[in-house]
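Asks: Build me a model:
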Amino acid sequence: MHPFRNLLLISLGRASSFRKDPTPGDWRMMYRMARIQALLGVCYQGVQRLPEHQMPPKDLLDRWAHVAEKIAEVYHLHQQRVNELRDILSHCGLQGCILKGTSLSGLYPVPESRMCGDIDVWVKGTHESILDVLVPEYPVRGIIYQECKVDFFEDVEVEVHFHPSKMYNPFLNARLQRFFKQNFPFRDGETLTAPDARFNAVFCMAHMFHHYLEGGIGLRQMMDYYYVLRVLDPADRQPVMMELRRLGMGHFTAAMMESLRFNFGLEEEYFLCAPDAKRGRKLMEATIQGGNFGILDKRNYEKEDESRLHRFFRKSGRVLSYFFQYPREVAWAPYARLYHFFWRLSKGYLAS
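Replies: Residues are numbered from 1 along each chain as shown. Coordinates of the predicted model:
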């Protein structure tokens, strides 16, 4: 077993030690992989469970402990900002729902071990109605179909979502947006809420699928889904899988089950469907080689003075490389990107 995979299983409490004592070189490699996958905090929980003779070298252990402490500090800062965001939305007369990591960290045995990114909040309303409220009060930038960045705070980035996620295929995207509208996690009298496991089982898969095609995903997003599946009501597994198939994500879900089984030891009782070994291997290769959100994938590197046209062909070419795996979604990517460009142009959002 690869040492890093062994460390993941230890971190999840699925193993208590390494089968073979790691060398200092192994530890440097594992630290680098945990950093690339944004799992340093989670993996440090595993390190703390190890017997003394399998611990990392002291200099690396001290550095790891320091990083884990900083990750926990950022987590607590994010929790504070979420509470402040609740008051801001209430003042603006808006309702929101915390998405992704800030919400999912609560599923982890040690929530503060999950490395935070930004705060994602889905706000109820149309683009126009939300922006009419926010633009006069706060700096708003990067407006696209599903989200924009709003500078509520100086120390934490917040993305306000008009839609939790999207798809390239317009017919499947219409189904996805219908699912979101029909399963609003907003509750009367509450300004800021969090989705339940059934909503997250669909939303997180759609989010990962889109990022996998467009830029890449990492093991942190997969670990989030591991925990989502473990709290999903058994009665909801079949309805969730039916919804994912309706949304054209059946094959990707099967690939994800293979990855969760191999990397994290997810038991068959939690599967949404039978794993697809072939697509799963391709997904795992891309995840390991590309790092968190594809930070090591050269196809994502923007060249100096890159024009909009060149960027369009570079990003479209990356998506099209997955055509034979997921043709139903990928074939629409160039048209969807063109439509999105002209939609932003017509709305005056390109300069934002």
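Asks: mind listing what's buried in stretch 271-283?
Replies: F271, L272, C273, P275, D276, R279, G280, L283 (16 or more other CB atoms under 10 Å). Where you see a C-beta, it was placed from the backbone N, CA and C, and this is true even at glycine.
Asks: for stretch 109-123, same thing?
Replies: 110-117, 119-123.
Asks: Closest to E258 out of the residues you listed?
Replies: R114 (23.3 Å; CB to CB).
Asks: show me where pLDDT drops low in the stretch 251-352 of the chain?
Replies: Within the stretch 251-352 of the chain, the stretches with pLDDT under 70 are 352.
Asks: Tell me where it has helices.
Replies: 277-290, 308-320, 327-330, 333-347 (DSSP state H, counting those that start in this stretch).
Asks: most packed of these?
Replies: Of all those, helix 327-330 has the most neighbours on average by mean count of other CB atoms under 10 Å, namely a mean of 18.
Asks: what's that helix packed up against?
Replies: helix 197-214 (3 or more CB pairs under 8 Å, 6 or more residues apart in numbering; DSSP states H and E).
Asks: Between helix 308-320 and the helix it packs on, find me the angle.
Replies: Going by axes from the mean of the first three to the mean of the last three CA atoms, to 10 degrees, helix 197-214 is angled at 120 degrees with respect to helix 308-320.
Asks: what is the rounded mean pLDDT of helix 197-214?
Replies: Helix 197-214 carries an average pLDDT of 95.
Asks: Stretch 184-193 now?
Replies: Computed over stretch 184-193, the average pLDDT equals 81.
Asks: Flag every buried residue along that stretch.
Replies: For stretch 184-193, a neighbour-count test (16+ other CB under 10 Å) marks P185, T191, L192, T193 as buried.
Asks: Around Y322, how many other residues sit close by?
Replies: By the criterion of other CB atoms under 10 Å, Y322 has 18 neighbours.
Asks: hang on, it packs against A333?
Replies: No - the pair Y322 / A333 is not scored as a contact, 9.1 Å apart, by CB atoms under 8 Å.
Asks: neighbours around the closest residue to Q37 other than its chain neighbours, how many?
Replies: Excluding the flanking residues, the one nearest Q37 by CB to CB, 6 or more residues apart in numbering is L219, at 4.3 Å. The tally of other residues near L219 (other CB under 10 Å) stands at 25.
Asks: now swap in F324 and tell me
Replies: 8.
Asks: Check F179 too.
Replies: By other CB under 10 Å, 17 other residues sit near F179.
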